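K.L.:
heads up, no residue letters with this:
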């Protein structure tokens, strides 16, 4: 019986296992190895806080690309949504912990079917994968675990999700200080100071939003300071009109300069019509991966340098209710956003004092905080990953970084490319590891398609190299309300 090992038990790992169970016509053993957050939930849906909402409405959050209404139908069987009209349920920004319930439900029913023994057995292992040893004879690999155990697999899928942020602070007193938290997804709520103390959140994106909402729910009385180079917070989702004039058919083959001019032109038109220019970014969503793949390496690097932050602010939006909370907090002075660069840090008793160098060239401002949380978002470079697995994969030459060093190189059938440029017939990868290759590879509409497709690939007797990437996102997917 063939064995498929999946490294990671968040959305990608869970749905790969589920799709293997759905698609396999032969007996199969699936082993999901997960070490950080509850299997089925991962970082995003492992939160226990009801104030942490999905940033996408329910109608776009089915875990199955071929069953678009699945999540909404599941929601309507829960008591808190059963009395709401269907149209209202579809537009809900649901708590992320509820979505975690949904994923765990799906996994449970595929791992423990009520109709009797399943053709596909799903085993859940709580452990850390630290290395892969290619089989000495035949095809396959031995998956080595931190505990000393091992899993012999015919094929392995890397679905490791988002790693923790890059360390802001070098080794030393500040990093070791109890007020500093380098991982915003683990541990900082266990070291909260008095609620009257000030807090410093480094970063102003979605991770900062989560941290602030958590503090707000606790009735935090101190000032929460948030610092980033731009001082820009994610924009809110909105109700708008369709804009059929965009994009043109040639958008996938444009260079960066032409594309930037085109977007600016249409944003101007949309503003003049009294509409939200974020519509233009949304209309690019079904084409973003193909646009990215067709850009030259120089254009991709230029985008990352000059446009990335502005893109993320518009693209990764937040529920209107959350945006209203953030605006109210800023108006009341409970949240102060600083545009600037984090400078020198020093310890001062129970606090960390940070120098914030403003973007206008003015003198640095000293901020003293009894808690400092790194909210800068996931690290990207594979070589920067602190875990043993990626270090060993790179050392063995089983993977190589993509040309932007944002992830690892893969082929259109998700086969990992080794140091010599050869695609593997054993090792595959999906999710954020593909960021440099696809750019748009962190949201459910893309990830559900990847999990479905990689399941089909690894079930094949011999994976066939696809000539190009399939479309990842349906063209009728919209993030704003029409």
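P.N.:
Structure received. Just so it is clear, the structure is predicted and the values come from calculations on it, not from any experiment.
K.L.:
low-confidence ranges, this protein, go.
P.N.:
115-116, 138, 462-482 (pLDDT under 70).
K.L.:
please name the spatially closest residue to residue 385 (chain neighbours excluded).
P.N.:
residue 163 (5.6 Å; Cβ to Cβ, 6 or more residues apart in numbering). C-beta here means a position set from N, CA and C on the backbone, and glycine is covered the same way.
K.L.:
from residue 118, how far out is residue 284?
P.N.:
Separation of residue 284 from residue 118 (Cβ to Cβ, to the nearest Å): 41 Å.
K.L.:
of these two, give the one with the bigger neighbour count.
P.N.:
For residue 284 versus residue 118, the count of surrounding residues by other Cβ atoms under 10 Å is larger for residue 284: 20 against 15.
K.L.:
shouldn't that one be within a helix?
P.N.:
Yes: assessed by DSSP: H, G, I helix; E, B strand; the rest coil, residue 284 belongs to a helix.
K.L.:
what number of residues lie near the nearest residue to residue 164 once chain neighbours are set aside?
P.N.:
Closest residue in space to residue 164, ignoring its immediate chain neighbours: residue 183 at 4.4 Å, by Cβ to Cβ, 6+ apart. Per other Cβ under 10 Å, the neighbour tally for residue 183 reads 13.
K.L.:
what helix or strand does residue 183 sit in?
P.N.:
Taking DSSP states H and E as the definition, one finds residue 183 inside no helix or strand.
K.L.:
what sits closest to residue 123 if chain neighbours are left out?
P.N.:
Leaving aside its chain neighbours, residue 123 sits nearest to residue 31 (4.8 Å; criterion: Cβ to Cβ, 6+ apart).
K.L.:
wasn't the one you found part of a strand?
P.N.:
Yes: the assignment for residue 31 by three-state DSSP puts it in a strand.
K.L.:
pretty sure it contacts residue 8?
P.N.:
No: contact criterion Cβ atoms under 8 Å: residue 31 and residue 8 do not qualify, at 11.9 Å.
K.L.:
comparing the two, which residue is more hemmed in?
P.N.:
Ranked by neighbour count (other Cβ under 10 Å), residue 31 and residue 8 place residue 8 first, with 26 against 20.
K.L.:
and that one, how far from residue 214?
P.N.:
25 Å.
K.L.:
same deal with residue 3?
P.N.:
Counting by Cβ to Cβ, the gap from residue 3 to residue 214 is 40 Å.
K.L.:
try residue 75
P.N.:
The gap separating residue 75 from residue 214 is 24 Å, by Cβ to Cβ.
K.L.:
ditto for residue 90
P.N.:
Residue 90 is 28 Å from residue 214, by Cβ to Cβ.
K.L.:
what does residue 399 give?
P.N.:
Distance of residue 399 to residue 214, given as Cβ to Cβ: 35 Å.
K.L.:
between the two, who's got more neighbours?
P.N.:
Between residue 399 and residue 214, counted using other Cβ under 10 Å, the more crowded position is residue 399 (27 against 20).
K.L.:
who's in contact with the more buried one?
P.N.:
By Cβ atoms under 8 Å, 6 or more residues apart in numbering, the contact set of residue 399 is 382, 390, 393, 408-409, 416-419, 427, 429.
K.L.:
please look at the residue nearest to residue 164 and residue 374 and confirm they touch.
P.N.:
Yes: applying Cβ under 8 Å as the test, residue 183 and residue 374 come out as touching, 7.1 Å apart.
K.L.:
who touches both of these two?
P.N.:
Residues touching both residue 183 and residue 374 (Cβ under 8 Å, 6+ apart) are residue 165.
K.L.:
neighbours of residue 416, just the number please.
P.N.:
For residue 416, the neighbour count with other Cβ under 10 Å is 23.
K.L.:
how about residue 244?
P.N.:
Residue 244: 6 neighbours (other Cβ under 10 Å).
K.L.:
checking it next. Helix, strand or coil?
P.N.:
Residue 244, by the three-state scheme (three-state DSSP), is coil.
K.L.:
remind me, longest strand of this structure?
P.N.:
Looking across the chain with DSSP state E, the single longest strand is strand 335-348.
K.L.:
how distant is that strand from the center of its chain?
P.N.:
Offset of strand 335-348 from its chain centre (Cα atoms, centre = their mean, to the nearest Å): 26 Å.
K.L.:
helix or strand right after it?
P.N.:
Next helix or strand after strand 335-348 toward the C-terminus (DSSP H and E): strand 351-358.
K.L.:
what are the buried residues along that following strand?
P.N.:
By neighbour count on 16 or more other Cβ atoms under 10 Å, the buried set for strand 351-358 is 351-357.
K.L.:
what's the answer for stretch 446-457, then?
P.N.:
By neighbour count on 16+ other Cβ under 10 Å, the buried set for stretch 446-457 is 446-455, 457.
K.L.:
identify the farthest-apart pair in these.
P.N.:
446 and 457 (16.1 Å; Cβ to Cβ).
K.L.:
now do the helices in the stretch 151-300 of the chain.
P.N.:
Ranges of helices within the stretch 151-300 of the chain are 173-176, 206-217, 256-272, 278-284, 288-294, 297-306, based on DSSP state H, counting those that start in this stretch.
K.L.:
quick one: which of these is nearest residue 199?
P.N.:
Nearest to residue 199 among the helices of the stretch 151-300 of the chain is helix 206-217; the distance by Cβ to Cβ comes to 6.4 Å.
K.L.:
ok and that closest one relative to strand 335-348, angle-wise?
P.N.:
90 degrees (axes from the mean of the first three to the mean of the last three Cα atoms, to 10 degrees).
K.L.:
switch to numbering from 19
P.N.:
That works, and once the first residue is 19, the last one we named lands at helix 224-235.
K.L.:
helix 224-235 packs against which elements?
P.N.:
strand 217-220, strand 242-246, helix 338-350 (3 or more Cβ pairs under 8 Å, 6 or more residues apart in numbering; DSSP states H and E).
K.L.:
around the residue nearest to residue 403, how many other residues sit close by?
P.N.:
Residue 181, neighbours per other Cβ under 10 Å, totals 22.
K.L.:
quick one, what contacts it?
P.N.:
396-397, 403-405.
K.L.:
in stretch 401-412, what's buried?
P.N.:
Within stretch 401-412, the residues that count as buried by 16+ other Cβ under 10 Å are 403, 405, 407-408, 410-412.
K.L.:
that stretch: end-to-end distance?
P.N.:
From its first residue to its last, stretch 401-412 covers 8 Å (Cα to Cα, to the nearest Å).
K.L.:
what's next to that stretch, contact-wise?
P.N.:
For stretch 401-412, the external contacting residues (Cβ under 8 Å, 6+ apart) are 25, 146-150, 164, 178, 181-182, 184, 397, 400, 417-419, 423.
K.L.:
so which of those residues are in strands?
P.N.:
Those of the contacts of stretch 401-412 lying in strands (DSSP E): 25, 147-150.
K.L.:
mind checking how far the residue located most distally from the centre of the chain is from residue 261?
P.N.:
For the chain, the largest distance from the centre (Cα atoms, centre = their mean) belongs to residue 155, which lies 36.7 Å off. For residue 155, the distance to residue 261 equals 59 Å [Cβ to Cβ].
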